[in-house]
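> turn this into a structure:
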Amino acid sequence: MRKYWLLLVIIVIVLGAMSYSIFQNQSFIAQSPFQKSLPFANLLKVTADSQGQLYMITQSKESIIKLNSSGTLQYKINLNREADGSLNNFNDLAIDSKGYLYALQTGLDSFGLYVNTEQIVRYKPDGTFDKVLYSLNYGGNSTLLRVGKIRSLQMRDDSLYFFIVENNKIQLDKLSENEKEPKTIFNTTIIDNVYLSEITGTVPGEIYFSTKRGKIYRMDAQGNQTILYPLNNIPSGMKSVPVSILLDNKHNLYFINPDNNEINRISLAEPFKLETVFKKSPTDLDTEDLSSITNLADGKFIVSTSDHISKMDVNGRISTDSSQTDYSNHWMFMCWFVWTQIILSALLLLWLLHIIYAHLMQRRVSLLLKQIIVFVPLIIVSMILLSLLIYSNYSKELADSVASDLKLLSHNGQNLIDGDKLEKINSANDFMSDDYKAIKLKKNALFIGKSGHDRDGLYSTIYKIENNQIYVIMDDDDSVKMFQKYSASDDNAKVLKDGSIIDGENRDETGFWKYAIGPIYNSQEKIVGIYEVGRDMNAFERHKQELLMKIVEGILAITLVIIIVFLLLSYYLLSSIRTLRKSVIEIAGGNWNTVVSIQSRDEVADLGDNFNHMAQSIQMYIANITKLNEANNRFVPRQFLQYLGKESIQNVQLGDQVEQEMGILILNMQAFYDFSKDLTPKENFNFINSFLSRFGPVVRKNEGMINKYLGAGIMALFPNRAEDTLNTAIEMRQELEVYNIHRLNSGYDLIDISVGIHRGPLMLGIIGEEKRMEGNVISDNVNIASILEKMANSLGASILITDNIYNKIENPLQYECRSLGMVYVEGKDQPIHLYDVFQGDPEHVRKLKAKTKQIFENAIDSYQNGRFYNARESFLEVIKQNRWDKAARLYFYMTDEFYQNGATEDWNGALNVS
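Next up is the predicted model:
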C-alpha cells in the first residue's frame, strides 16, 4: 500500500509541474498543432527593419506580428482589454537598428470610439515588453475619434521622431535612446482651411503632409507651406485623399491614389514630376484595395492590402506576393509541446483515478461517493444547460434590441440629411465646405448632448452614390478618408433598389459592428446616398464572454459547496448508522432495555426515535393530525372555504365552485430572475419569504385574500369595494419604501415592484382529480390583471388599473392617477382604458407626473381624435419636463410616425405597446 501512496504523490507532483507549464504557455493552446501557417487578416500597416524583417499591425489593430526575411513568423504581440473595460489598439509602429519595436498604442473607451490615452511603447527584439516611453492622457471627456494627437512614428539614426498634431498646430519631437523626455525640434501652425490627414519627415525643411482635401503640402524649415500636389496647383481629378505618403532616401515622395488603386511618385527634384509607379489590375486575385506602402533597405518597397503583402521594385514590378506567414520551427515545437503536455496530463489523471479506485479504495465505493458521482455531474450539467439557455436568450434579446434601435435611428437620421447638398459634394476638395458642414451638423443631431461613454458606441456614416460606386463622405472615425471607396454589398443593393432600411453586422479592420442603413433622397426623390448608423459590438461581445465566465465560476463554486455538504452529511450519517446498528444488535440479542440515542435529527434519527417510542406512536399520530389541520389553513385560506360555503377542508369535493365579482391584484417584483441569479437557493427562499411577509398583511388588512404566491409575487382577490384593491396597491408601494430603507441599511440592493389591477366576475372552485385537488380561480379577468402587471414597467407605471376598477370607485379624485387612454392588451381584440396610479410612486416621480398630468391627458385626447401634430407637441412637452416618462415616449414615437406617414387603416385611437 505504501508504494501506491508514493506513486500517487509522484503523479500529483508531475501533474502540478505540467499544469504550471501549460499555464505559462497558454497562448499556444488556441492554435492547432496541425496549423502550420497564419493567414494575414485586416492588415493596417507594414514596416521593415534594415535586415528586411517585416512588422505588421493586424487583426483589427489588436496584434503586431514580426516576420523574418524569409517570411516566417517570429513573434506575435497581442493587446488585452483593460480592467475598466477600455480597449487598446496599435495605430503605428517603427523599428530601430537593434531590432527594438516602437508602437503607438491608443487606448479607447469600452466601445472603441473615443481616445482616452496614447502611449509610445517599446518592445524588445524578442517581442517582450520593455517600457513606456511617452504617454498622453485625455481623461474621460475626449472628443478624439479613434485617432489621437500622436502621428507618424519614424526612426532616424536610432532616434525616434513623431509629430504632435492638435487642431492646426504641428510639433515634431525627437526622443533619443538615453533621454527620458522628448525634445521639440520643430513646430509651426498650418494655414487656415487646411486639414491635416497624414504627415511624414524627420528633418525641418523636408516635412510633407497630406490634407483631408486631397492635397499634399511641402513645409520648409521656417514652417512655410506650399502645395506639392496637385502639381502646379492644377486639379488632379482625384476624388479621394492620398494615402500612406512615404519619403524615400532619393528625394522621391510616394503615395497611394485610392481612386485608381495605384501608387504615384513625385520626384522632389526641380521641376517636380508625377509618375504612376504601380497600378493594381482589376483582374488580380487579390481584390482588396491598396492600404499601405513602406520602403526596404535595398530600395524596394512592401505594398499591402488588407490581407496581402507584395514586394515591389522602384519600377512597380512585383517580385513576391503572400497572403500568409509560416510559423517558425520554435513556434511549432512549443505548440506541440503544450498540446503533448495536455494529453499526457489527461492520461496521468486517468491513471491517478485508477490507482485510487483499484488500490487505495480496493474497488469499493461508499454510498456517499456514489451519490457524489451521480448527483454532482447531474447538477453541473443541469446548471450548464440552464446557464447556456439564459446566456443564449440574453444574447438574442441583446442583438434584437440593438438592431431595432439602430433601424429606428437610421430612419430618423436619413430624414435629416439633405440629399441636394450631398450631391454638391464631388470630391475631397469639398471637405468642410458649406454643404459639408450643413450635412455634418444634421448628421450629428442624433448625438446632441452625448459624448464619450454616453453614446454607447454609436456611430454614423454617410455614403454617396456616383456611377454605381459607393463612397464614404463622412464618418465618426478620424482615420477614414473622404471619398474612400466602399465595396458594394447585398444590403447596399437592396437599399438602393427598394429604399428599404436594412440591419446587419460587419467585421473589418476596426472590429465588429452592428449597423442599420437607409437611403438618402434628393428633392427629386432620387436615392443619392446611404445613411448608416451602427454600434461597436466589441464591448458587448466581451461583456457576454465575461458573463459566461461568471456563470462558469458560479457553477464551480456551487459544485464545491455541494461536495462539502455531502462530506459533512457523510460524517453525521455514518455515525448515526453505526449507533443504530449497534443498538439493533443488542436488542436482537435480547437486551430490550436498550435505548437508541441518535442526535443527527435526520431519517436515521427518526428511525431510532420511532424504535424507542413505539408505545407513544398513536398519541404522536393524533398530535400530528391536529397540526396538519392547522397547517392546511395556511395552504387553503379560510376565506376560500367560506366563499364555497364549506365549514372545513374535509367537506370540500371535486367540482365545488361559485361565481363572484371580485377585484384582482397581481404584484410581482421587477427583474426578479436577474436578481435571483446571484443568490443561492437558500438565499432565494429567505428573500422571497422576507419579501412576501411585507405585503401579505396589507392584503388582509384591506379585506383581501391571497389566492396564490407567484414566486416573488402575489395574486390577491378582493370581494368587496374597488377601493380595497387600490388602497392595497398604494399601501404596498409605501411598504416597499420602508422595506428598501431596511435593505439599504443592511447593505442590499434596492428592489421595485409592479402591480396590475382589474375587476370582474370569476369562478372559484376545486379542480384536479380524486387523489390530488386544489383550490383555483378561473377567469379571463385574472389573465388581464396578470398582463397589466407585465405591461406596467413598459408604460412607466408602478400601479396599472383598468376602467373596471376606476369606474367602481366612489370618489376617484381622491387618488393621484392619470388616464393612459385606450391600450391594446395581449390576447384582447378590443383595447382597454387604462390608468396610471402614481400615488405610491417615489416623491420625485409623483411630482413630475402630477405636474404634467393635464398636458399628458390633453395629448391623449388629441391622439385619439387624430390630431397627431398637436399630440406630438404635447407629448414632447411632457418629455421635456419628465424625460423618464415611458408612456409619453411611446405615444410620442407613435404620433410622430402617424404625423409623418399617416395612420394605418385599422387605427382606432388605441395604443399598441407591443
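
> dump stretch 875-885 to CSV, restricted to CA.
Provided in CSV are the C-alpha atoms of stretch 875-885 (Å, rounded to 0.1, in the frame of the first residue of the first chain):
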residue,chain,number,x,y,z
PHE,A,875,-46.1,64.6,-25.6
LEU,A,876,-42.8,66.3,-26.4
GLU,A,877,-43.5,69.0,-23.8
VAL,A,878,-44.2,66.2,-21.3
ILE,A,879,-40.9,64.5,-22.1
LYS,A,880,-39.0,67.8,-21.7
GLN,A,881,-40.4,68.1,-18.2
ASN,A,882,-40.1,64.4,-17.4
ARG,A,883,-37.7,62.6,-19.6
TRP,A,884,-38.3,59.4,-17.6
ASP,A,885,-42.0,59.2,-18.7
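
> okay, helices next: where are they in the stretch 801-914 of the chain?
With DSSP state H, counting those that start in this stretch as the criterion, the stretch 801-914 of the chain has helices at 803-806, 843-864, 868-881, 886-901.

> would you turn these into a markdown table with mean pLDDT and mean neighbour count?
All C-beta atoms are positioned from the backbone trio N, CA, C, and that covers glycine. A markdown table is the format used below for the helices of the stretch 801-914 of the chain (pLDDT from 0 to 100; neighbours: other C-beta atoms under 10 Å):
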| stretch | mean pLDDT | mean neighbour count |
| --- | --- | --- |
| helix 803-806 | 93 | 20 |
| helix 843-864 | 93 | 17 |
| helix 868-881 | 93 | 19 |
| helix 886-901 | 91 | 18 |
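
> ok, which stretches of the stretch 551-700 of the chain are strands?
657-669 (DSSP state E, counting those that start in this stretch).

> where does the prediction get shaky in it?
When residues are selected by pLDDT under 70, those of the stretch 551-700 of the chain lie in 566-567, 570-574, 576, 578, 580-581, 588-592, 596, 598-604, 611, 613-657.

> quick revisit: quick one: which of the helices of the stretch 801-914 of the chain is nearest residue 73?
Residue 73 sits nearest to helix 886-901 of all these, at 53.1 Å, using C-beta to C-beta.

> circling back: mind putting the helices of the stretch 801-914 of the chain into JSON lines with distance to residue 552?
Converted to JSON lines, the helices of the stretch 801-914 of the chain look like this (distance: least, C-beta to C-beta, whole Å):
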{"stretch": "helix 803-806", "distance to residue 552": "47"}
{"stretch": "helix 843-864", "distance to residue 552": "39"}
{"stretch": "helix 868-881", "distance to residue 552": "42"}
{"stretch": "helix 886-901", "distance to residue 552": "36"}
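
> out of these, which is closest to residue 26?
Between the helices of the stretch 801-914 of the chain, helix 886-901 lies closest to residue 26; by C-beta to C-beta that is 46.8 Å.

> just checking, what packs against the closest one?
When contacts are defined as 3 or more C-beta pairs under 8 Å, 6 or more residues apart in numbering; DSSP states H and E, helix 886-901 packs onto helix 843-864, helix 868-881, strand 911-912.

> in CSV, could you pull the C-alpha coordinates for that helix?
Only the C-alpha atoms of helix 886-901 are listed here, as CSV (Å, rounded to 0.1, in the frame of the first residue of the first chain):
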residue,chain,number,x,y,z
LYS,A,886,-42.1,56.0,-20.7
ALA,A,887,-45.8,56.3,-21.6
ALA,A,888,-45.2,59.8,-23.1
ARG,A,889,-42.2,58.4,-25.1
LEU,A,890,-44.3,55.6,-26.5
TYR,A,891,-47.1,57.9,-27.5
PHE,A,892,-44.5,60.4,-28.9
TYR,A,893,-43.0,57.8,-31.2
MET,A,894,-46.4,56.7,-32.4
THR,A,895,-47.7,60.2,-33.0
ASP,A,896,-44.5,61.2,-34.8
GLU,A,897,-44.9,58.1,-37.0
PHE,A,898,-48.5,58.8,-37.8
TYR,A,899,-47.9,62.5,-38.3
GLN,A,900,-45.2,61.9,-40.9
ASN,A,901,-46.6,58.8,-42.6
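
> residues touching the residue nearest to residue 93 when sequence neighbours are not counted, list them.
With C-beta to C-beta, 6 or more residues apart in numbering as the criterion, residue 93 has its nearest non-adjacent residue at 4.8 Å, and that residue is residue 103. Under the criterion of C-beta atoms under 8 Å, 6 or more residues apart in numbering, the contact list for residue 103 reads 64, 77, 90, 92-93, 120-123, 153.
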